[in-house]
Structure formats: C-alpha cells, structure tokens
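Novice: mind folding the following:
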Amino acid sequence: MELDLTGPLREDAYMILSGLITPRPIALTTTVDLEGRVNAAPFSFFNLLGDSPPIVGLCPGDRTPGVPKDTARNIRLTQEFVVNLVDEALAEKMNLCSAALPPGENELLRAGLTSVASSSVKPPRIAESPVSLECRSHSIIEIGDNRLIIGEVLRVHVKEGILDPDTWLVKPNSYHLIGRMQSPHWYCRTTELFELKRPSNSVTQPLHD
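Specialist: Below is the predicted model of the structure:
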C-alpha cells in the first residue's frame, strides 16, 4: 500500500499514523493557569528530542477547531509544565485524566491522584508517577493545526529503586511504562525486553610500510 497524505487521505492521517508509529510514551502533563488552577492531561504525541540541553516535544491538539486545549493555553501563558510518565500502576487514573472537563477543573482530584510541589516550576508533579520531568517552554511551533511545544527539562524526579546511581541505568524489572498503540483504546506493556548490542565502533587501521 502507498498512502498519499497530501490528497484525499489527509483527513485520515491521524488514524493511519497513530496506529503505525507505535508504541509512543505517554506524557501525563500538569500545568497551571494564571490563577494557579491545576490541569492534568495525557498526550502520546510526545517524546525526548535531545540531550544538550535536554529537550522534550509535546504536541497537544485543539479542544475544538482553533481553540487550544488547557495544556497548550497554560504553557503559552506560564511557560512551564511537568511531564509525568505513566506506568502500569498509573494507567487507569491516567485514562480518567483524559476526560474533557470544563476549564479550571482539576483532573487530579477527579482521578484520585496526589499533587506534589515541584522544585523549579509552578505546576505540581504527580506523586504516583515513577518519573516526572519539570520543564520550561523553549519554543512553540505551529504547523497547520499542529502545535509543537518544545520544553527544556530542568529537573528529573525518579522513584527510588528505578535508577542505579552508579551507572544511571534503569534497574532490570523496576520500570514498567505503558505505551500508546492503535486508536482509540489500545495500549501496550513494556515488560518483555530484549537486548541488541551495537556493532563495535573500533575500526582496524591498515598497517603502514
């Protein structure tokens, strides 16, 4: 199959690509508005983009055509957000945060999640999340109806027992994120791993006379 996304299939791009480009990590994102009211919403159009400086990308869609979701609006106003990663234990409550609530209502309260003060930004992090990334907005790029938010990661909060402090490697069987799969209701577990070692970077140098 060859699918031309510049023609009649343009409107089907979401269903096609969100099912094929998987699994995607889930950013349960907390923000605050100018009045300090907390919003929490999950996004799977999200990933790590670079490490110097460390940056992540988040692409929240519109609530309705031309009307940004609370997350995007709050980030534009305050320049701050927290990405809370989602493991199996957090999955059901993350899903509750996806409900469309009126602006200003706190999804964390509805889902029974615990907010914890962040160290460097105003939005709280989520205590139940295994990893939280405190971020400052670096730039917002609008491409058509897409709104790509690039954030610099300022602080990382990791639950005890996940990282080896000597190597910064994740300890085996300590970290079980879920991934977003086919729309509308499919996810995956990340408990079954395998290792592929990269080829050696060393190159044998030719002998010289």
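
Novice: can you map out the helices along the chain?
Specialist: All helices of the chain, identified by DSSP state H, fall at 13-20, 70-78, 91-96, 107-111.

Novice: can I get those helices in CSV with distance to residue 41, mean neighbour count and mean pLDDT?
Specialist: Using the backbone N, CA and C atoms, a C-beta is placed for each residue, glycine as well. Formatted as CSV, the helices of the chain follow (distance: least, Cβ to Cβ, whole Å; neighbours: other Cβ atoms under 10 Å; pLDDT from 0 to 100):
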stretch, distance to residue 41, mean neighbour count, mean pLDDT
helix 13-20, 17, 13, 95
helix 70-78, 5, 21, 96
helix 91-96, 10, 17, 97
helix 107-111, 7, 18, 95
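
Novice: and the residue nearest to residue 180 when sequence neighbours are not counted, how many residues sit next to it?
Specialist: Distances taken as Cβ to Cβ, 6 or more residues apart in numbering place residue 44 nearest to residue 180, at 3.5 Å, with adjacent residues excluded. Neighbour count of residue 44, defined by other Cβ atoms under 10 Å: 20.

Novice: hmm, residue 21 and residue 44 touching each other?
Specialist: No. Residue 44 lies out of contact with residue 21 (Cβ atoms under 8 Å); the separation is 9.9 Å.

Novice: which neighbours do those two share?
Specialist: Common contact partners of residue 44 and residue 21 (Cβ atoms under 8 Å, 6 or more residues apart in numbering): none.

Novice: can you pull out the low-pLDDT segments for the chain?
Specialist: For the chain, the stretches with pLDDT under 70 are 202-209.

Novice: repeat that for 90
Specialist: By pLDDT under 90, the low-scoring segments of the chain are 61-69, 100-105, 144-145, 172, 183-184, 193, 195, 198-209.

Novice: contacting residues around the residue nearest the centre of it?
Specialist: Residue closest to the mean C-alpha point of the chain, counted by Cα atoms, centre = their mean, is residue 27 at 2.6 Å. Going by Cβ under 8 Å, 6+ apart, residue 27 touches 42, 43, 44, 46, 56, 58, 83, 84, 85.

Novice: need the max-distance pair from these.
Specialist: 42 and 56 (14.4 Å; Cβ to Cβ).

Novice: distance of the residue nearest to residue 180 from residue 29?
Specialist: Spatial separation of residue 44 from residue 29 under the definition Cβ to Cβ, to the nearest Å is 11 Å.
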